[in-house]
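*Asks:* give me the fold of what follows.
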Amino acid sequence: MYARDRKKKLRIAIDFLISSMDPKGGSRAFYSRLYHPLKGWSNMYPETTGYIIPTFINIGKTFKRQDTIDKALLMADWLLSIQNKDGSFISGLYNKRANKKSIFNSAQIIIGLVNAYKFTKEEKYLNAAINCGQWIVGSQNKQNGMWDKYNYVDNFTPSYFTRVAWPLLMIWEITKDEKLKSGATLTLDAIYKKKLENGFIKDSGFQPNSIIFTHTIAYTIRGFYESAQILNDKKYEDIAVNLSEKFLKKYELNSFMSGAFTESFKGINSFECLTGHAQLAIMWLKIHKKFDDLRYLNASLKILDRVSLLIPSYTFIKRKGGVPGSYPFWGKYMIFRQPNWATKFFIDAILLENESLKSLKKSLSV
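*Replies:* Here you go, the predicted structure:
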């Protein structure tokens, strides 16, 4: 039953993500009958279109599906067509009049462009990523490693900008441009210093002094972890693993993951952030893969059971296969919406889960 259910939920989740695509090439941000009663879909979202690219490439390679490969490259080409001359990308949903630039969104798009380059070896994707990375570093405050503008909130650089450092290092890994590495490590070190005595990383939410969704907590953790793998840096890896373990223990003790937390680790228990569930599962699976600690595999299996259970197979209000932002549907994160990134992270987690289970089965049969 487990295998059949996972296969079904993975299949309909992939279909949902494919259905999010606009013919022009961008992935639409979310599905919601409340916000868009007629068609359900919002406008295209350049940020998440960027990091959906490696998901589609991975699906294509895993299941030998040329259609998702083609869609990944269509998305990459669409992003090239809307890139600003200075290398930046816009903030928020796409429309022809949008002109507000975003450090974070631009960095997430780099993830897709680098993956498109690695898959195709076409220089146009790498060149676009380099131009974007240079704009990001050029906009950085070299005194504190943060950004004074192009943020969601003026004069506030949240700690999940570890996920800005990671894409910069992805480019550095290819080009060895030391300015990109220097900019990335400057940011990582600045955010590392925000670690509180209890292990929480200050300013990990969307706004200062607000509750912090597990979505952005997982963003922060993963930025440190992926950067550590590129740099082979134990300090960055340890902060990511230690914080992941704290949330693992909370989940195992309570059999529940709060949708948000305060910086004192107090859970906001009125809802679950299913997006964050999937992202934490990804981190736990990555840690299990590296350290062979079965606690992380066990927790990821259980939290993905929870997400799978809440993916609709059919309902008028929700679209089949799309992971809701929150449970209940009116929870605080992405209320009444099925964001494309929630489904993207679920797919990524299931593909990692499959790898872990195959590896475990192989080791037990030796």
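
*Asks:* longest single helix anywhere in this protein?
*Replies:* Using DSSP state H to define each element, the chain has its longest helix at helix 340-365.

*Asks:* buried ones in it, by neighbour count?
*Replies:* By 16 or more other CB atoms under 10 Å, the buried positions in helix 340-365 come out as 340-354, 356. (Glycine included, C-beta is placed from N, CA and C.)

*Asks:* likewise for stretch 146-161?
*Replies:* Buried positions in stretch 146-161, judged by neighbour count with 16+ other CB under 10 Å: 146-147, 150-151, 157-161.

*Asks:* now for the buried residues of helix 340-365, which pair is the farthest apart?
*Replies:* Of all pairs drawn from these, the one with the longest distance (CB to CB) is Asn340 and Ser356, at 24.7 Å.

*Asks:* and Cys273, what are its bridge partners?
*Replies:* Ser326 (DSSP bridges).

*Asks:* how close does it sit to Asp203?
*Replies:* Shown here: Cys273 relative to Asp203, a distance of 18 Å by CB to CB, to the nearest Å.

*Asks:* out of the two, which sits in the busier spot?
*Replies:* Neighbours were tallied for Cys273 and for Asp203 using other CB atoms under 10 Å; the higher tally belongs to Cys273 (29 against 20).

*Asks:* ok, that one touching Phe213?
*Replies:* Yes: using CB atoms under 8 Å as the test, Cys273 is close enough to Phe213 to be in contact (5.1 Å).

*Asks:* can you work out which residues contact both of these two?
*Replies:* For the pair Cys273 and Phe213, residues contacting each of them under the criterion CB atoms under 8 Å, 6 or more residues apart in numbering are 259-260, 332-333.

*Asks:* which among those residues end up buried?
*Replies:* 259-260, 333.

*Asks:* which residue is the nearest non-sequential neighbour of Lys332?
*Replies:* Phe271 (5.6 Å; CB to CB, 6 or more residues apart in numbering).

*Asks:* just the pLDDT for that neighbour.
*Replies:* Predicted confidence (pLDDT) for Phe271: 98.

*Asks:* show me where the protein has its strands.
*Replies:* 30-31, 212-213, 260-261, 267-268, 272-273, 326-327, 338-339 (DSSP state E).

*Asks:* any chance of JSON lines for those strands, columns distance to Ser91?
*Replies:* Putting these into JSON lines (distance: least, CB to CB, whole Å) gives the following:
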{"stretch": "strand 30-31", "distance to Ser91": "16"}
{"stretch": "strand 212-213", "distance to Ser91": "19"}
{"stretch": "strand 260-261", "distance to Ser91": "23"}
{"stretch": "strand 267-268", "distance to Ser91": "26"}
{"stretch": "strand 272-273", "distance to Ser91": "22"}
{"stretch": "strand 326-327", "distance to Ser91": "23"}
{"stretch": "strand 338-339", "distance to Ser91": "16"}
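
*Asks:* for the nearest residue to Leu248 once chain neighbours are set aside, give me its contacts.
*Replies:* Leaving aside its chain neighbours, Leu248 sits nearest to Ala299 (5.1 Å; criterion: CB to CB, 6+ apart). Shown here is Ala299, whose contacts under the criterion CB under 8 Å, 6+ apart are 248, 251-252, 281, 284.

*Asks:* burial count for Ile221?
*Replies:* Neighbourhood size, Ile221 [other CB under 10 Å]: 29.

*Asks:* ok, now which ones touch the residue lying closest to Thr157 once chain neighbours are set aside?
*Replies:* If the residues on either side of it in the chain are set aside, Thr157 comes closest to Met146, at 3.8 Å by CB to CB, 6+ apart. For Met146, the contacting residues are 140, 157, 161, 187, 190, by CB under 8 Å, 6+ apart.

*Asks:* and what of Ser81?
*Replies:* Shown here is Ser81, whose contacts under the criterion CB under 8 Å, 6+ apart are Gly25.

*Asks:* can you show me the helices along this protein?
*Replies:* Using DSSP H, helices in the chain cover 2-19, 46-63, 66-82, 103-120, 123-138, 162-175, 178-192, 214-231, 234-254, 274-291, 294-309, 340-365.

*Asks:* got the contact list for the second one?
*Replies:* Judged by CB under 8 Å, 6+ apart, the contacts made with helix 46-63 from elsewhere in the structure are 14, 17, 25-27, 29, 65-69, 71-72, 75-76, 78-79, 82, 89-90, 94, 102, 104-105, 108-113, 115-116, 119, 339-341, 344, 347-348, 351.

*Asks:* pLDDT score for the residue nearest to Thr157?
*Replies:* In the predicted model, Met146 carries a pLDDT score of 97.

*Asks:* how far away is it from Leu186?
*Replies:* Summarising the geometry, the distance separating Met146 from Leu186, computed by CB to CB, is 9 Å.

*Asks:* what is in contact with these two at once?
*Replies:* Residues touching both Met146 and Leu186 comprise Gln140, with contact defined as CB under 8 Å, 6+ apart.

*Asks:* and for the closest residue to Tyr236 other than its chain neighbours, the neighbour number?
*Replies:* Spatially, and ignoring its direct neighbours in sequence, Tyr236 is nearest to Ala228 (3.8 Å; CB to CB, 6+ apart). By other CB under 10 Å, 21 other residues sit near Ala228.

*Asks:* just to check, Ala228 is in contact with Ile221?
*Replies:* No: the pair formed by Ala228 and Ile221 falls short of the contact definition of CB under 8 Å, at 10.7 Å.

*Asks:* where does the protein dip in pLDDT?
*Replies:* Scanning the chain for pLDDT under 70 picks out 1-4, 366.

*Asks:* about what we covered before: list just the nearest of the shared contacts of Cys273 and Phe213 to Pro208.
*Replies:* Distance ranking of the shared contacts of Cys273 and Phe213 against Pro208, using CB to CB, places Ala260 first at 14.9 Å.

*Asks:* I appreciate the help and will end here.
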